[in-house]
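> Have a look at this prediction, sequence included:
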Amino acid sequence: MHMNPRRLLRGLALVSALALGATACGGSDDSGSSSKPVSAKDVDAALKKGGNLTVWAWEPTLKQVAADFEKEHPAVHVNLVNAGTGNDQYKALQNAISAKKGVPDVAQIEYYALGQYALTKGLDDLTPYGADKLASKYSPGPLNAVKAGTKNIYALPMDSGPMALFYNKKVFDKYKIKVPTTWDEYLTAARALHKADPKAYIANDTGDAGETTSLLWQAGSRPYKVDGTKVTINFSDAGAKKYTAVWQKLLDEKLLAPISGWTDDWYKGLGDGTIATLATGAWMPANFATGVKGASGDWRAAPLPAWTAGDKASAENGGSSLALPTLGKNKELAYAFAEYANAGKGVQTRLKAGAFPATTADLQSSTFQNTEFPYFGGQKANKIFADSAANVASDWSYLPYQVYANSIFNDTVGKAYVSGTKLTAGLQSWQDASVKYGNEQGFTVQK
Amino acid sequence: MSGSVTTVSQPARPSAGSSGAVPRLRKPRRHSPGRPRRSVLLTVLTGLILLYSLVPLVWLVISATKTQEGLAHSFGLWFNGDFALWDNIKETFTYNDGVFSRWLLNTVLYVALGAGGATLLAVLGGYALAKFDFPGKRAVFAVVIGAVAVPGTALAVPTFLMFSKMGLTDTPWAVIIPSLISPFGLYLMWVFATEAVPAELMEAARIDGAGELRTFFQVVLPLLAPGIVTVSLFTMVATWNNYFLPLIMLKDPDWYPLTLGLNSWNAQAATAGGTPVFHLVITGSLITILPLIAAFLLLQKYWQSGLAAGSVKE
């Protein structure tokens, strides 16, 4: 779901694959997509008739969901394939689409990457299947993401990542530092902590496109505006200025640990208190429980610090959906599975296994909100997460080629982390490179 | 006469080391091919490179003895209190319903058919190119040299598109067939066969009435043995370590080789809701490289002579 920066570097390989894919795709038309409504009857008939269904997903909780789905519909066989996490799978999917062979019936796609497939007609519009009726079930962030800027719904949200601030209470208590409620307080806390223990940092950050775009989102910046193939990219609005002002200071004063997320060093830092906070999506607790077992009881969740005191605006970080690639087969079965997993019984199965919901009913349910997290010392953290989910501004959009854009993040913005380049200059060069690439790909991109 | 020669050969060179102005005769150096002169600089450099190559290996062995928790809380290059190597090995083979054994067998299959086939083709082709004259030989030479220069990674995506049309993707053949081609192996075999098989010997075999096949199998093949071992080691290492080709060809984890399998375990750490299993990735990596180390040690004397082939002009 969440990408690590090293993984993003591998996007370079993806670019070559995409370039080839684009040429191979040139001759294809969109004959695969139909706008005829698919009735519930059609779906039932297909389920009775049965068949094989290929699902590409790396989400671990889907294993049980697939087994349950097969139990309920004995004629259906679900072939759940882990074709790689994130970029690896997109590469494989793009290759399969280019070759027009071996395309899965259902594919897990992260929200940030959806636009890329939706716009190139790689995914079926799910409104004829009745997805528009499910729309009201989902919280604003994920719903907006699967809409990909238009009325069409291209995927069913699987989980969501409303952001929160996870902090190591033990460290904060030890140095008597107040848990920050604004990003200015966060900066103060960062200074105090690093002064008290030069080995400890408020957070780790070596440049992570997902994290930066999420914080821009929260700060009210809307760098990407997408209207069909007309795209505007602008990293100099007021929200972006708020973000760069604080982050530049964190960088200048070397208050961020030079450790990349999802590495063994990162897990180590989360465990031994040298990384004291983590501003990330609400799916993180499951990773804490399995990856940082040793620090059980040390951590707590808090609302994401605000850019202006009292402001409750939040943002999404990570999260993914299930989509139906246009070239897949068994459409009715595919939709039935996606609906079962993301709107039906599968949701509960996945929640029990530690996934974080995208469905409002579950976010608001009292059982969910009153769940105590032993890892967080019995804290009812879901209340904070649900609150965050409700406060996600829903007018954010990613680029229709965000996978590529994120892959060049470290070459542009990343420079601010390793040299004297200012963050604003880094964002500027990210903007320029993204504009250039978009225009080369046939978009009309403006600054 | 002899005195003047000495002065000519020993001009008074200003040297930092010599303090006295007395001209000295050069000491006769004990220097023979049997006892090479020791150079401190070279010894230190070789030592550094040895260290550079061995440290990751040492780290791997040490880390394989630690638990997932122990990995995070101990110094990388020394042992932790808990010695968990046997548990780790056991867990590596049982995790996810023992899928690791399946990956190991897959890798063995790809190596046996892929690298074995590549070696066979390289030997046959190299011998033919070295010892027979036919029209177009120069063109073949150009193609082979050109092919050596093209990295396999660059061909992977076009190969994928082609295989996909043939319906071969997501089958073991998608990994085995491209592995059969080893331009470098062919070139090495070609050079080796040119040097190692005297034309006179083949001539003699023919005069004695041996057919081409018999000449090849009974006369030529034994002579080529060191080259064959070298090429098979190269192709074996290449196939055993192959990552990118299976990555784009295979989707079904049941057909993964070890490289992809270990990567998928590693990726669990970067997945929301995934369980980091760094200790299994490390132990699995150690188990993965053991067969290669064993192969190199066992076949040492062959590949050393094979590697040196063609380095001296006779």
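Cool, got the structure.

> what residues are up against A:Pro37?
Residues counted as contacts of A:Pro37 (C-beta atoms under 8 Å, 6 or more residues apart in numbering or on different chains) are A:Pro128, A:Tyr129, A:Gly130. Every C-beta, even on glycine, is put in place using the N, C-alpha and C of the backbone.

> distance of it from A:Leu126?
Taking C-beta to C-beta, to the nearest Å as the measure, A:Pro37 falls 11 Å from A:Leu126.

> do the same with A:Asp252
The span separating A:Asp252 from A:Leu126 equals 47 Å under the rule C-beta to C-beta.

> Give me the more crowded residue out of these two.
Taking neighbours as other C-beta atoms under 10 Å in any protein chain shown, A:Asp252 and A:Leu126 compare with A:Leu126 leading, 25 against 12.

> Next, the nearest residue in space to the more buried one that is not next to it in sequence: secondary structure please.
Spatial nearest neighbour of A:Leu126, excluding adjacent residues (C-beta to C-beta, 6 or more residues apart in numbering or on different chains): A:Ile153 at 4.8 Å. Secondary structure assignment for A:Ile153 (DSSP: H, G, I helix; E, B strand; the rest coil): coil.

> Pull the number of nearby residues for A:Ile153.
By other C-beta under 10 Å, neighbour count at A:Ile153 equals 25.

> ok, back up a step: quick one: which of the contacts of A:Pro37 is most hemmed in?
Counting neighbours by other C-beta under 10 Å, the top entry in the contacts of A:Pro37 is A:Tyr129, with 26 neighbours.

> my guess is A:Asp42 is in a helix, correct?
Yes: the assignment for A:Asp42 is a helix, going by three-state DSSP.

> That one: neighbour count?
With other C-beta under 10 Å as criterion, A:Asp42 counts 16.

> Roughly how far does the nearest residue to it once chain neighbours are set aside sit from chain B?
Distances taken as C-beta to C-beta, 6+ apart place A:Glu332 nearest to A:Asp42, at 5.5 Å, with adjacent residues excluded. From A:Glu332 across to chain B, the span is 23 Å (C-beta to the nearest C-beta, to the nearest Å).

> Against which helices or strands is the helix or strand harbouring A:Glu332 packed?
Using DSSP states H and E, A:Glu332 sits within helix A:331-342. Under the contact definition 3 or more C-beta pairs under 8 Å, 6 or more residues apart in numbering or on different chains; DSSP states H and E, helix A:331-342 sits against helix A:40-49, strand A:51-56, helix A:62-72, strand A:76-81, strand A:106-110, strand A:155-157, strand A:320-323, helix A:346-352.

> again, only using 6 Å
On a contact count with 3 or more C-beta pairs under 6 Å, 6 or more residues apart in numbering or on different chains; DSSP states H and E, helix A:331-342 meets helix A:40-49, strand A:51-56, helix A:62-72, strand A:106-110.

> That helix vs strand A:106-110, what angle?
Orientation check (axes from the mean of the first three to the mean of the last three C-alpha atoms, to 10 degrees): helix A:331-342 against strand A:106-110 gives 50 degrees.

> And the contacts of helix A:331-342?
Helix A:331-342 is contacted from outside by A:42-43, A:46-47, A:51, A:53, A:65, A:69, A:105-106, A:129, A:156, A:158, A:322, A:324, A:346, using C-beta atoms under 6 Å, 6 or more residues apart in numbering or on different chains.

> Only the buried members of those residues: can you turn that into a PyMOL selection?
Command for PyMOL that selects the buried part of those, burial taken from 16 or more other C-beta atoms under 10 Å in any protein chain shown:
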select buried, chain A and resi 42+43+46+47+53+65+69+105+106+129+156+158+322+324+346
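
> I'd like to know how many residues surround A:Gly442.
If you count neighbours by other C-beta under 10 Å, A:Gly442 ends up with 9.

> Please tell me how far the residue nearest to A:Leu126 sits from A:Pro357.
With C-beta to C-beta as the criterion, A:Ile153 and A:Pro357 are 18 Å apart.

> Excluding chain neighbours, what is closest to the residue of the stretch 1-150 of chain B found nearest chain A?
Relative to chain A, the nearest point of the stretch 1-150 of chain B is B:Ala72 (4.1 Å; C-beta to the nearest C-beta). Using C-beta to C-beta, 6+ apart and skipping residues adjacent in sequence, the residue nearest B:Ala72 is A:Lys268, 4.1 Å away.

> which residue is nearest the centroid of chain B?
In chain B, the residue lying closest to the centroid (C-alpha atoms, centre = their mean) is B:Phe234, at 4.4 Å.

> mind listing what's buried in whichever helix or strand that one is part of?
B:Phe234 is part of helix B:221-240 when elements are defined by DSSP H and E. Residues B:223-224, B:226-236, B:238-240 are the ones in helix B:221-240 that count as buried (16+ other C-beta under 10 Å).

> Using PDB, list the CA coordinates for that helix.
Taking C-alpha atoms only, helix B:221-240 is exported to PDB below (Å, rounded to 0.1, in the frame of the first residue of the first chain):
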ATOM      1  CA  LEU B 221      34.700 -33.400 -25.300                       C
ATOM      2  CA  PRO B 222      37.400 -34.600 -22.800                       C
ATOM      3  CA  LEU B 223      39.700 -31.800 -24.000                       C
ATOM      4  CA  LEU B 224      36.900 -29.200 -23.500                       C
ATOM      5  CA  ALA B 225      36.100 -30.300 -19.900                       C
ATOM      6  CA  PRO B 226      37.600 -27.300 -18.100                       C
ATOM      7  CA  GLY B 227      35.800 -25.000 -20.500                       C
ATOM      8  CA  ILE B 228      32.600 -26.800 -20.100                       C
ATOM      9  CA  VAL B 229      32.800 -26.500 -16.300                       C
ATOM     10  CA  THR B 230      33.600 -22.800 -16.600                       C
ATOM     11  CA  VAL B 231      30.700 -22.100 -18.900                       C
ATOM     12  CA  SER B 232      28.300 -24.200 -16.800                       C
ATOM     13  CA  LEU B 233      29.300 -22.300 -13.700                       C
ATOM     14  CA  PHE B 234      28.700 -19.000 -15.400                       C
ATOM     15  CA  THR B 235      25.300 -20.000 -16.700                       C
ATOM     16  CA  MET B 236      24.400 -21.700 -13.500                       C
ATOM     17  CA  VAL B 237      25.200 -18.600 -11.500                       C
ATOM     18  CA  ALA B 238      23.300 -16.400 -14.000                       C
ATOM     19  CA  THR B 239      20.200 -18.700 -13.900                       C
ATOM     20  CA  TRP B 240      20.400 -19.200 -10.100                       C
END
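
> now whatever helix or strand B:Pro178 lives in: mean pLDDT?
Taking DSSP H and E as the definition, B:Pro178 sits inside helix B:173-179. Regarding helix B:173-179, the rounded mean pLDDT is 92.

> Then stretch A:146-155?
Averaging pLDDT along stretch A:146-155 gives 79.

> what sits against residue 169?
With no chain named, the answer covers chain A. Per C-beta under 6 Å, 6+ apart, neighbours of A:Lys169: A:Arg300.

> my bad, chain B
Contacts of B:Thr169 (C-beta under 6 Å, 6+ apart): A:Gly102, B:Phe163, B:Met249.

> could you redo the last one with a cut-off of 10 Å?
A:92, A:95-96, A:99, A:101-102, B:159-163, B:248-251 (C-beta atoms under 10 Å, 6 or more residues apart in numbering or on different chains).

> Perfect, that will be all.
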